[in-house]
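*Asks:* Sequence plus the predicted model coming up.
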Amino acid sequence: MFQSVTMNALSSALDGLAARQQAIAQNIANINTPNYKAKVVSFENALAQSVAAGSGVAGAAWTTSAAPTVQNGNNVALDSETLNNEQTVLMYQFAAQAVNMDFDATSTALKTA
């Protein structure tokens, strides 16, 4: 319907943050799995480039963490995962709130037209 760079960017950000939350959940679930390597999701640089290019559409990239491992070969750090999760939740809430504000503004504009 109404597609703008801002809405595309917010949608891409929400998708990237949701993917990051999935990766964090997988990491925590596998904290005691021998030889499990933590997953990392990044999308911010690709999103910034797509906004600069005028589209705002970007995907998330899943990679494996290069963090040091413990004796069983696992490299999930619960404190880092917990902190990353809290940050991701706050960012997701902020982006969702921005989407809602944009929809509210559009709805108000359409009602007064």
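*Replies:* Yep, it's here. Numbering: from 1, shown residues only.

*Asks:* From here on, just use CA atoms for contacts and neighbour counts.
*Replies:* Fine.

*Asks:* what's the longest helix along the chain packed up against?
*Replies:* Using DSSP state H, we find that the single longest helix of the chain is helix 78-112. The helices and strands touching helix 78-112, judged by 3 or more C-alpha pairs under 8 Å, 6 or more residues apart in numbering; DSSP states H and E, are helix 5-29.

*Asks:* Now do the buried residues in the helix it packs on.
*Replies:* Using 16 or more other C-alpha atoms under 10 Å as the test for burial, helix 5-29 gives 5-25, 27-28.

*Asks:* After it, which helix or strand is next?
*Replies:* Per DSSP states H and E, the first helix or strand lying C-terminal to helix 5-29 is strand 39-42.

*Asks:* what mean pLDDT does that following strand have?
*Replies:* Strand 39-42 shows a mean pLDDT of 97.

*Asks:* re the thing from before, check which residues of the longest helix of the chain are buried.
*Replies:* E81, N85, T88, V89, Y92, A95, A96, V99.

*Asks:* Closest one to A52 out of those, please.
*Replies:* Among those, A95 lies closest to A52 (C-alpha to C-alpha), at 18.6 Å.

*Asks:* could you measure the residue nearest to the closest one when sequence neighbours are not counted against K39, distance?
*Replies:* Spatial nearest neighbour of A95, excluding adjacent residues (C-alpha to C-alpha, 6 or more residues apart in numbering): L10 at 6.2 Å. The gap separating L10 from K39 is 23 Å, by C-alpha to C-alpha, to the nearest Å.

*Asks:* and E44, how many neighbours?
*Replies:* Taking other C-alpha atoms under 10 Å as the criterion, the count of residues near E44 is 17.

*Asks:* for P68, that is, sorry about that
*Replies:* 12.

*Asks:* would it count as being in a strand?
*Replies:* No: judged by DSSP: H, G, I helix; E, B strand; the rest coil, P68 forms no part of a strand; its state is coil.

*Asks:* Which pLDDT value goes with it?
*Replies:* 93.

*Asks:* Tell me how many other residues crowd the nearest residue to it once chain neighbours are set aside.
*Replies:* Spatial nearest neighbour of P68, excluding adjacent residues (C-alpha to C-alpha, 6+ apart): N75 at 5.9 Å. Neighbours of N75 under the rule other C-alpha under 10 Å: 25.
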